[in-house]
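Asker: Quick one: sequence and predicted model below, then my questions.
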Amino acid sequence: MKNTMKRLVMVVVCGVLAATGVSAPALARPAGTAADGDIRARIAAVPGMRLLGERPGAPGQTVLDLSFRQPTDHRHPGRGSFEQRVTLVHKSVEKPMVLYSSGYDLGSSPQRLSEPAVLLDANQITTEQRFFGTSRPGGADWSTLTIWQAASDHHRLITALKQLYRGSWISTGGSKGGMTAVYHRRFYPDDVAGTVAYGAPNNTDDQDDSAYDARLERLGTAECRAALKSAQQQALIRREAMTERYGRWAAEAKATFQTIGSTDRAFELAVLRLPMMFWMHQPEGSCASVPPADATDDALYTWVAEVTQLPVYTDQTLQAFTPYFYQLGTQLGYAHFAAPHLEGLLRHPGVQDVRSYVPRDIPLRFQAGAMADIDRWVRLHGTSLMFVNGENDIAVAEPFRLGTGTRDSSAYEVPAGNHHISIGGLRPADGERATASLRRWAGERAGTQS
């Protein structure tokens, strides 16, 4: 159950892998050269690197599970350290390197190649973010979980591995991983030659969520939007029947709701987030599956549970993702959705606050300027950035935008795409341009380390 719940929460909180493997043809190149030598020994000799094990790899690949020693606080390196887990897919030291992160832990398949790595026939290093999985500093101090500290983790890792992989580096990720890649570029712009961010939100003003509400009123047809609102209403009108089923499932699964507060609070929160979840993750044509107002209780509950991924709101699932919600509550920001059509049916004011997801003994102090700083950098100084978004993805209601100072960058939209998109899903002309930019970046060397 634990691994399944972790996968579900990554879907719900907008951290799915937007593009982790595609059928695009790889460039035909030799699998390796004499310059590689004994790659296991060479990697293990990198200061701070430790070889944990090896996974089966495709022909021409060596897949190594590693840990890399990182300072707990990059501003005070002497105050302790932790081991950041990474997985390397090695092909050749002469090929480009793609730095990939989901923004969370390594997941169950860190050897799976991202779309840029496939398109470039590149090596790939997949990173687990600080405080996720086993990459956790000791103690109960959360203050070093910031976007700058995580960016500095990537900077140290790249600096160490560039002694072996001297070709061009590309960074990429989907959703929170795409955000992570952009934040890294903000603080260390010359570490990589280019960045591809898929479905990456850009919540610059955490006090204003009107863009999300407005986008929800534009997606799909009027009939589909009305059906979703009706399903929300019915779920809360029949709250007792719904929460009875939810509570019964939780008891059988030995799941609890201490963090969010109760089964009732968790269900109400899930219903409020239902339209977002529907447009982010349901495939095109799913409007026909929305249950009508006269659907049975069982049919309604089954649909709501599937669309909102009800297991996500349990303590057992949330525990592994406390670092994510901590980041939302301190720097990233989080959308609240207006629901005037649910007036009179809601019982729990403030349930959408990010504090609902975080144990009360962990302090949350929001830094209002963090995302505004990232946004300014993208618009005024960003270089070699590519943003790929889905036309129907509510997560990018506030997207990254190119500005007067942005150079050699582009933004693309996948027609009818949701949160699971790829360069391969773009219109043919856009796909050709995006792939050409990526290959051009990979043919250029990243700038000098700062």
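Answerer: Looks like it came in fine.
Asker: So for Thr180, what's the nearest residue that isn't a sequence neighbour?
Answerer: Among residues not flanking Thr180 along the chain, Gly103 sits closest, at 4.6 Å (Cβ to Cβ, 6 or more residues apart in numbering). In this view, the C-beta of every residue, glycine as well, is placed from N, C-alpha and C.
Asker: And the one you found, its phi and psi?
Answerer: Here is the backbone geometry of Gly103 (degrees, to the nearest 10): phi 90, psi 0.
Asker: What's the per-residue pLDDT of it here?
Answerer: pLDDT recorded at Gly103 is 97.
Asker: Same check on Gly37?
Answerer: 72.
Asker: how much space between it and Leu328?
Answerer: 44 Å (Cβ to Cβ, to the nearest Å).
Asker: The two: who's more crowded?
Answerer: Legend: neighbour count by other Cβ atoms under 10 Å for Gly37 and Leu328, higher for Leu328 (23 against 11).
Asker: Checking my notes, the more buried one in a strand, right?
Answerer: No: counting by DSSP: H, G, I helix; E, B strand; the rest coil, Leu328 is not part of a strand but helix.
Asker: okay, now the closest residue to it other than its chain neighbours: neighbour count?
Answerer: For Leu328, ignoring the flanking residues on the chain, the nearest one in space by Cβ to Cβ, 6+ apart is Tyr334 at 4.3 Å. Look at Tyr334: counted by other Cβ under 10 Å, it has 19 neighbours.
Asker: Tyr334 against Pro201, yeah?
Answerer: No: assessed by Cβ atoms under 8 Å, Tyr334 is found out of contact with Pro201, at 9.6 Å.
Asker: where does Tyr183 sit relative to Ala45, distance-wise?
Answerer: 30 Å.
Asker: Of the two, which one has the most company?
Answerer: Tyr183 (25 against 12).
Asker: Sticking with that one, tell me its helix or strand.
Answerer: helix 176-187 (DSSP states H and E).
Asker: how about the helices of the stretch 1-150 of the chain, start to end?
Answerer: For the stretch 1-150 of the chain, applying DSSP state H, counting those that start in this stretch gives helices covering 2-12, 39-44, 115-120, 147-161.
Asker: okay, these, which one's buried deepest?
Answerer: helix 115-120 (a mean of 27; mean count of other Cβ atoms under 10 Å).
Asker: How far off centre is that one?
Answerer: Remark: helix 115-120 is offset 18 Å from the chain centroid, using Cα atoms, centre = their mean, to the nearest Å.
Asker: What mean pLDDT does that helix get?
Answerer: Here the average pLDDT along helix 115-120 is 98.
Asker: again with stretch 316-323
Answerer: Stretch 316-323 comes out at a mean pLDDT of 95.
Asker: Would you mark the buried spots in stretch 337-357?
Answerer: For stretch 337-357, the neighbour count (16 or more other Cβ atoms under 10 Å) marks 337, 339, 342, 345, 348, 351-352, 354-357 as buried.
Asker: what does stretch 49-61 give?
Answerer: By 16+ other Cβ under 10 Å, the buried positions in stretch 49-61 come out as 49, 51, 61.
Asker: Report the contact partners of the first one.
Answerer: Contact analysis of Met49 by Cβ atoms under 8 Å, 6 or more residues apart in numbering lists 43, 66-69, 160.
Asker: Take those residues and lay them out in JSON lines including pLDDT and distance to Trp303.
Answerer: Listed next are the contacts of Met49 as JSON lines, based on pLDDT from 0 to 100; distance: Cβ to Cβ, whole Å:
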{"residue": "Ile43", "pLDDT": "97", "distance to Trp303": "48"}
{"residue": "Leu66", "pLDDT": "98", "distance to Trp303": "43"}
{"residue": "Ser67", "pLDDT": "98", "distance to Trp303": "43"}
{"residue": "Phe68", "pLDDT": "98", "distance to Trp303": "44"}
{"residue": "Arg69", "pLDDT": "98", "distance to Trp303": "48"}
{"residue": "Ala160", "pLDDT": "98", "distance to Trp303": "49"}
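Asker: Widest-spaced pair of those?
Answerer: Ile43 and Arg69 (13.8 Å; Cβ to Cβ).
Asker: Just list the residues touching the closest residue to Val354 other than its chain neighbours, thanks.
Answerer: Nearest residue to Val354, sequence neighbours excluded (Cβ to Cβ, 6+ apart): Gly329, at 4.1 Å. By Cβ under 8 Å, 6+ apart, the contact set of Gly329 is 354-355, 358, 364, 366.
Asker: Distance to Ser262 and pLDDT added to those residues, as TSV?
Answerer: Below are those laid out as TSV (distance: Cβ to Cβ, whole Å; pLDDT from 0 to 100):
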residue	distance to Ser262	pLDDT
Val354	18	97
Arg355	15	97
Val358	16	97
Leu364	21	96
Phe366	25	97
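Asker: State the distance from Thr317 to Ser101.
Answerer: Thr317 is 21 Å from Ser101, by Cβ to Cβ.
Asker: These two: which has the busier surroundings?
Answerer: A direct count of neighbours by other Cβ under 10 Å for Thr317 and Ser101 places Ser101 higher, at 30 against 23.
Asker: in terms of contact, does that one touch Arg130 like I think?
Answerer: No: with contact defined as Cβ under 8 Å, Ser101 does not reach Arg130; the gap is 10.9 Å.
Asker: Where does the prediction get shaky in the stretch 351-450 of the chain?
Answerer: 444-450 (pLDDT under 70).
Asker: Only the buried residues of stretch 288-298, if you could.
Answerer: Neighbour-count burial for stretch 288-298 [16+ other Cβ under 10 Å]: 290-291, 295.
Asker: swap in stretch 131-143?
Answerer: For stretch 131-143, using 16+ other Cβ under 10 Å, the buried residues are 131-133, 135-137, 142.
Asker: Name the nearest of these relative to Gln282.
Answerer: Among the buried residues of stretch 131-143, and counting by Cβ to Cβ, the member closest to Gln282 is Phe132, at 26.8 Å.
Asker: residue contacts, Gln232?
Answerer: 271-272, 274-275, 339, 341-342.
Asker: that's a strand at it, yeah?
Answerer: No: under three-state DSSP, Gln232 falls outside any strand and is assigned helix.
Asker: Against Ala436, how distant is it?
Answerer: Distance from Gln232 to Ala436, by Cβ to Cβ: 44 Å.
Asker: Just the element for Glu240, please.
Answerer: helix 239-253.
Asker: Counting by contacts, list what that helix packs against.
Answerer: The helices and strands touching helix 239-253, judged by 3 or more Cβ pairs under 8 Å, 6 or more residues apart in numbering; DSSP states H and E, are helix 263-272, helix 297-308.
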